[in-house]
Structure formats: C-alpha cells, structure tokens
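1. Predicted model follows, preceded by the sequence.
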Amino acid sequence: MGKTRTVEDIQRELLTRVRTEGILSAYEASLAICRDPKAPAPARATASATIFRVAGLFDRKDGDKPVEPHEMTADQLNAEIKRLAERQSRPADGSDIFG
C-alpha cells in the first residue's frame with residue numbers, strides 16, 4: 001500500500017507540470033502561430049506579444065509610467081515620501097501648479 005496523496009501533493013505536481021510541460025507547449029504554440037502566414041493578424045500579434053512579454057522585452061524602463069503605491073516595496077514608498085516632502089518644502093518657482 002502506498003501513501004495516500006494529499007491535495008497539496010497533487011497541486012504541487014500539477015504546478016510542476018504546468019511550469020515545465022505547459023510552458024514549453026505554450027511557447028511552441030505561440031511560435032507556430034507567429035510563423036503561420038495563414039494565421040489571422042490578431043492571433044499573430046497576440047502570440048508575438050506573449051513571446052516578447054515572457055522574454056522581458058515589455059518590462060517598464062525608467063521614465064515610463066510610475067509604479068503605483070500598492071506595487072512599491074517599503075524602501076520605494078519611503079523614497080517617494082521623502083521626494084514628495086522635499087518637493088513640498090521648496091518654494092514655488094512660479095511655473096505651474098503641477099510642477
């Protein structure tokens with residue numbers, strides 16, 4: 001008699017398969033769509049974007065949209081609070097209310 005598998009055991013095994021077999025299959029399917037000249041343009045665009053995103057090519061760079069507070073680490077929050085406090089303590093230069 002073997003040990004009874006728990007739900008956690010089954011979930012762990014499934015997650016391992018998704019991260020190995022599933023990822024490889026998804027990549028191959030996306031690549032096949034990209035290479036298929038008869039695939040609809042939206043499907044090819046979506047498949048291409050998926051591959052770029054997984055490769056990290058769509059990651060935000062400095063100067064892009066700022067990180068939202070709920071996405072920040074404690075250090076990032078403290079740095080932003082400090083930056084805003086310093087900005088508020090400077091005398092207005094007369095430019096505009098958003099500067």
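-> Happy to help now that I have it.
2. Determine the longest helix present in this structure.
-> Longest helix in the chain, counting residues (DSSP state H): helix 74-89.
3. chain center to it, what's the gap?
-> Distance of helix 74-89 from the chain centroid (CA atoms, centre = their mean, to the nearest Å) equals 25 Å.
4. Run through who's touching that helix.
-> 67, 69, 72 (CB atoms under 8 Å, 6 or more residues apart in numbering). To be clear about C-beta, it is placed using only N, CA and C from the backbone, and glycine gets the same treatment.
5. For this structure, which segments are assigned as helices?
-> Going by DSSP H, the chain shows helices at 7-17, 23-35, 41-54, 74-89.
6. Rebuild the ones you listed as JSON lines, extending it with mean pLDDT and mean neighbour count.
-> Compiled in JSON lines, these are given as follows (pLDDT from 0 to 100; neighbours: other CB atoms under 10 Å):
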{"stretch": "helix 7-17", "mean pLDDT": "94", "mean neighbour count": "10"}
{"stretch": "helix 23-35", "mean pLDDT": "94", "mean neighbour count": "13"}
{"stretch": "helix 41-54", "mean pLDDT": "92", "mean neighbour count": "14"}
{"stretch": "helix 74-89", "mean pLDDT": "87", "mean neighbour count": "10"}
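7. tell me, what residue is most central in the protein?
-> Centroid check for the chain by CA atoms, centre = their mean gives residue 59 as the closest residue, at 7.0 Å.
8. Report the separation between residue 14 and residue 5.
-> 11 Å (CB to CB, to the nearest Å).
9. Equivalent analysis for residue 55, please.
-> 36 Å.
10. and if you look at residue 83?
-> Note on residue 83: its distance to residue 5, by CB to CB, is 52 Å.
11. Do you know the pLDDT at residue 60?
-> Predicted confidence (pLDDT) for residue 60: 57.
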